Every structure is written in C-alpha cells, then in structure tokens.
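Trainee: pasting the sequence and the predicted model now:
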Amino acid sequence: MTPPHHPAPPLPAAGPLSAADLLTNRIRPYAWGSTTALARLTGRRPTGEPEAELWMGAHPDAPSTVDRGNGPEPLDRVIARDPHHELGRRVAETYDNRLPFLVKVLAAEHALSVQVHPDTAQAEAGYAAEDATGIPRDAARRIFRDRYHKPELVCALDDFDALCGFRDPATTAGLMAALDAPALAPWTAILRTADPGTALRTVLTEALDSDRARGERAAAELAPALERAAATPGPHTATYAAYAAAARDYPGDPGLVAALLLNHVRLQPGQALFLDARVPHAYLHGTGVEIMANSDNVLRCGLTPKHVDVRALTTVVDFRPGPPTLVPASGGEDGEFHYRTRAAEFALSRLDLLGGATLGADGPQILLCTDGTAELHRSLGRPLTLRRGDSVFLPATGGPAELRGTATLYRARVPEHAAV
C-alpha cells in the first residue's frame, strides 16, 4: 500500500542576523552535582539543590537560547534557519548543518558513573539497531540516542579527580591485594596471570554480570578497606582516597570493581585530559570546562542507578591498558593556550586576556568567561561585555572579533585540521 503523503514542513521564516550573541544556558540538576560551584561561577545565590552541568551550545536536549530582538530562541533553531551564516559553509556541509561541539561546565561533588562512548561505526550501527527494534529515543534503556561518536576533553578549573583508561592489570592486582578484600582474590589472580585484554574483560563482565553477587560482596568489603588505605600514608594514598569517596557515594555497587581497573588522575587547575571513544572513564570530584562532540551516547559500567547493558558494553569498550591522555597547554605567546587533540569536531583554548586580543573568524565559536571582564567588538553589532559566568556565540560570518579587558576565557571552535 502506498504510504500517505505528508508535505514537508515549511522552512522557518528568515530572522535577524547577528555578529555575537550572549547565551542563556540550561543547568542540568543531576544528583552528583555541586550545590555551590555553578552558582559561584554565575554570580547567583545557591539554591541548595545539586547543579551538575551548565550546557552551552545547540544540543536539542538543552539548547542555549539567544535573543536577536524577537525574544529568546533556541540556538539549534537559529542555526537550522541559516546554517551557512551561523556555521560557515565548511562546517555546515561537513556536519549536516549541526554545531558539531557542545561545551559544558561540569561541577562534580560526587562521582559520576563509570562510562564509555562508542566510536562512529558503533554509534551508527547501534542507533539503527535500536530504531529497528522500536526502542523510543527517550527510553531509559536506550543506549544510542544519535549516530555520532563522543570524544571529549576536560580542563580543570580547580583540583579535579578522574578515572581514565585501564591501568596495567598487574599493577591493579597489587593495589587490590593490599586491600585484603577476600572477594577480590580470584580476580586479583586473573589480573596477575592472564593476557591483559582477557583479564580486564573477564573481571569487568564477571563483576557486573555473570558473578554480580561476588561483585556486590567485593564492593561491601572494599568500602572499609579503602577507608583504611586512604588513611595510611604511602605512594597510593591519593588513589585509595579517590576510590573510597566513590564507595561512599555508591555503597554496594559492583561498579566499584570496574572503577578499580582504571587509572586515577588528579588534574591541577589549567591541566586537561582527553577521553577518546571506547575508553572507559569517570569524573569523581571537581569543576572543569568540558568540550565534546555533540552527542549523547553513553554506556554505563557501574556506579550508577541507571541502566547497565553489559553485553553492549563489552562490544564497545577497548580493553587494552594504557596511560591516560593528558593534554598539555601549548602556545601562550599571545595569551592563548591551546589544548590540542585529534578530535575533528572541536578545539579548546584558554585566553589569559591582558589588554587585547584578536580572534579569527574561521567557523562558529563559543566563548566562556571564567574570571574578570572583557568587551567584545565585531564589525557588525554593538559591543558585548562578558563577565564571570557569561558566554557568547560567535557566528562564522562576522569577521574577526576584538577582545579588550582583563579576563580568563575559554574558546571553543571547530579546528581547520585535527591534530594527529
């Protein structure tokens, strides 16, 4: 039978163009969020409720809004109306008329779930498979909510604890053995003797799935053992303390065993960490500027009350051990420090503005002011003043932007060429 014909919806009416837009941004109130950090950044009185993430960009779940004289309008709709003006031809044609990155300020008072993101091929296949089985895109058990991968970079604004990538299994076995948790003993032996990839896959899947009861016993034994280890001076005291805090946040969660398999990283302010697709990770505590490909595909590995699909997880995770990818700040001669990664969708830099700076116009940009005051000038439109907590969207078509003042700003854009 011939399906009914539905005419395409009319294109939105043309709206006013802009050289720069102050953003009004949404805060995601996840339970792990800080009650004070985002309020402090944006100059508000704390509400007493957790505020976890401040989103800046055009993600359809929580787009920023701009006002070009006709009232607030979501940024994704503004971009859809004239993508070549807002994104520039190169970005619009490469990324299907979408802003390809999303910027966040992440404020973690408690540990986030251990998680991993798919690569592009996995995301496309998973999205198509879940669509074919009829899983609603907003369902709690839905994993692949779009067709895109999600590399990400986090730059610390204060002391920031994270887990990233699998530690060498033999080293992890030594950390586990020192805790004297009987339920861990069989897994400690596997980590010492088996091939590294096999050992990591076995311990992860058994703790979360096939031997979950032992994973829960191990988590119960680990809670007091980690507290004791964190109180004992030694080379691993800070690492044990980070795991002890996660155990307090998620008592009895077998995902604690998965967390123990990962490298612990403590970032100082200004240091950055890159998380590529398929690399398991978790943010434990701290505030940072995060930039990522504009995707919401997340597979969770524990430390969460949310859905954990172990079978899907094991097809996505890269079980090769390796060190975390710390990203040094390069440049700085002109006050701009670059955090270079191989991601094609985004580039992040920090501007330590002392007087003035000129920003080129080679694509869409978002600026976030984290300290001080800056005045932004562009050939079109009136100057904008950026204060602590303010952010601005710069369309691609508008010429160079001039900044004047004394401020610290984070600059997000699409690189012309991804670093190797």
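Mentor: Done, it's in.

Trainee: burial measure for the closest residue to A31 other than its chain neighbours, as a count.
Mentor: Closest residue to A31 apart from its sequence neighbours, by CB to CB, 6 or more residues apart in numbering: P50 at 5.7 Å. Backbone N, C-alpha and C define where each C-beta goes, glycine included. Burial of P50, expressed as a neighbour count using other CB atoms under 10 Å, amounts to 20.

Trainee: test my guess that P50 contacts T35.
Mentor: Yes. In terms of CB atoms under 8 Å, P50 counts as a neighbour of T35; the distance is 5.8 Å.

Trainee: anything in contact with each of those two?
Mentor: Between them, P50 and T35 share the neighbouring residues E109, with contact defined by CB atoms under 8 Å, 6 or more residues apart in numbering.

Trainee: what segments of the stretch 1-150 of the chain are strands?
Mentor: Using DSSP state E, counting those that start in this stretch, the strands found in the stretch 1-150 of the chain span residues 21-22, 26-28, 53-56, 65-67, 72-74, 101-108, 114-116.

Trainee: let me know which of the ones you listed is tucked in deepest.
Mentor: Across the strands of the stretch 1-150 of the chain, averaging neighbours per residue (mean count of other CB atoms under 10 Å) puts strand 101-108 on top, at a mean of 26.

Trainee: now the strands of the stretch 1-150 of the chain as JSON lines including distance to L299 and mean pLDDT?
Mentor: Below are the strands of the stretch 1-150 of the chain laid out as JSON lines (distance: least, CB to CB, whole Å; pLDDT from 0 to 100):
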{"stretch": "strand 21-22", "distance to L299": "34", "mean pLDDT": "96"}
{"stretch": "strand 26-28", "distance to L299": "19", "mean pLDDT": "96"}
{"stretch": "strand 53-56", "distance to L299": "19", "mean pLDDT": "98"}
{"stretch": "strand 65-67", "distance to L299": "30", "mean pLDDT": "97"}
{"stretch": "strand 72-74", "distance to L299": "28", "mean pLDDT": "97"}
{"stretch": "strand 101-108", "distance to L299": "18", "mean pLDDT": "98"}
{"stretch": "strand 114-116", "distance to L299": "5", "mean pLDDT": "95"}
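
Trainee: helices of this protein, residue ranges please.
Mentor: Chain-ordered helices for the chain, with DSSP state H as the definition, fall at 37-42, 75-81, 83-87, 89-94, 120-132, 169-177, 185-193, 196-205, 212-230, 237-249, 255-260, 310-316.

Trainee: measure stretch 76-87 end to end?
Mentor: 11 Å (CA to CA, to the nearest Å).

Trainee: same check on stretch 314-325?
Mentor: The straight-line separation of the ends of stretch 314-325 (CA to CA) is 22 Å.

Trainee: how far does it sit from the chain's center?
Mentor: For stretch 314-325, the gap between its own C-alpha mean and the chain's C-alpha mean amounts to 17 Å (CA atoms, centre = their mean, to the nearest Å).

Trainee: how about it: buried residues?
Mentor: Neighbour-count burial for stretch 314-325 flags T314, V316, V317, D318, F319, P321, P324, T325 (criterion: 16 or more other CB atoms under 10 Å).

Trainee: what pLDDT is listed against the second one?
Mentor: What the model reports as pLDDT for V316 is 94.

Trainee: columns distance to G331 on top of the strands of the stretch 1-150 of the chain, output as JSON lines?
Mentor: As requested, the strands of the stretch 1-150 of the chain are arranged in JSON lines below (distance: least, CB to CB, whole Å):
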{"stretch": "strand 21-22", "distance to G331": "27"}
{"stretch": "strand 26-28", "distance to G331": "32"}
{"stretch": "strand 53-56", "distance to G331": "23"}
{"stretch": "strand 65-67", "distance to G331": "30"}
{"stretch": "strand 72-74", "distance to G331": "34"}
{"stretch": "strand 101-108", "distance to G331": "20"}
{"stretch": "strand 114-116", "distance to G331": "31"}
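
Trainee: right, and the ones you listed - which one's nearest L175?
Mentor: Judged by CB to CB, the one of the strands of the stretch 1-150 of the chain that comes nearest to L175 is strand 114-116, at 16.3 Å.

Trainee: which residues does the residue nearest to A244 when sequence neighbours are not counted contact?
Mentor: Nearest in space to A244, with sequence neighbours left out and distances taken as CB to CB, 6+ apart, is L226 at 3.8 Å. By CB under 8 Å, 6+ apart, the contact set of L226 is L179, Y240, A241, Y243, A244, A247.
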